[in-house]
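Student: this one's structure only:
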């Protein structure tokens with residue numbers, strides 16, 4: 001029986017990280033559409049991001065992605081620590097989403113600090129790793145040509 005949460009219906013043993021996939025489209029009552037993407041960085045049930053690196057990458061992606069797209073609604077980490085969900089308003093261009101992520105990760109590599117990494121702006125300011133976030137970004141950029149391949153059997 002299908003579950004309400006889209007990712008709970010995904011066979012996590014058949015996916016091959018890294019990838020970017022459209023999870024779903026939600027249409028509002030006035031016609032606006034929210035496009036939700038699964039930006040998977042680590043292979044489910046095999047590896048995961050450490051919390052300080054994930055936390056810093058989240059801050060950086062949330063801040064920097066908005067420099068490349070005017071309608072980023074949210075960049076949120078997955079509880080399993082294998083990726084992020086990214087939500088865009090009224091943009092169904094998958095290739096554009098890939099460019100936004102690529103440009104954002106390049107910004108991460110150029111960063112000299114983690115945005116909002118202090119006790120005033122962050123709820124766990126002690127848990128950050130700029131170098132860890134940069135390594136995650138570099139690892140993803142090194143595999144840029146794999147982002148459109150979601151399942152292992154796709155060749």
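Tutor: That came through, no problem. None of the values given here were measured: they were computed from a predicted structure.

Student: from here on, just use CA atoms for contacts and neighbour counts.
Tutor: OK.

Student: could you list the residues in contact with stretch 145-155?
Tutor: 14, 15, 16, 17, 18, 19, 20, 21 (Cα atoms under 8 Å, 6 or more residues apart in numbering).

Student: so which bits of it are buried?
Tutor: Buried residues in stretch 145-155, counted by 16 or more other Cα atoms under 10 Å: 147, 148, 149, 150.

Student: now these in TSV, with secondary structure?
Tutor: Listed next are those as TSV, based on DSSP: H, G, I helix; E, B strand; the rest coil:
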residue	secondary structure
147	coil
148	coil
149	coil
150	coil
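
Student: out of the contacts of stretch 145-155, which are buried?
Tutor: Looks like the contacts of stretch 145-155 have 15, 16, 17, 18, 19, 20, 21 buried, using 16+ other Cα under 10 Å.

Student: so which of the residues you listed are in strands?
Tutor: For those, the ones inside strands are 19, 20, 21, with DSSP state E as the criterion.

Student: circling back to that earlier point, of the buried ones among the contacts of stretch 145-155, closest to residue 65?
Tutor: Proximity of those to residue 65 (Cα to Cα) peaks at residue 20, which lies at 15.0 Å.

Student: just for the chain, where's the confidence low?
Tutor: Applying pLDDT under 70 to the chain flags the ranges 154-155.

Student: thank you kindly, that will do.
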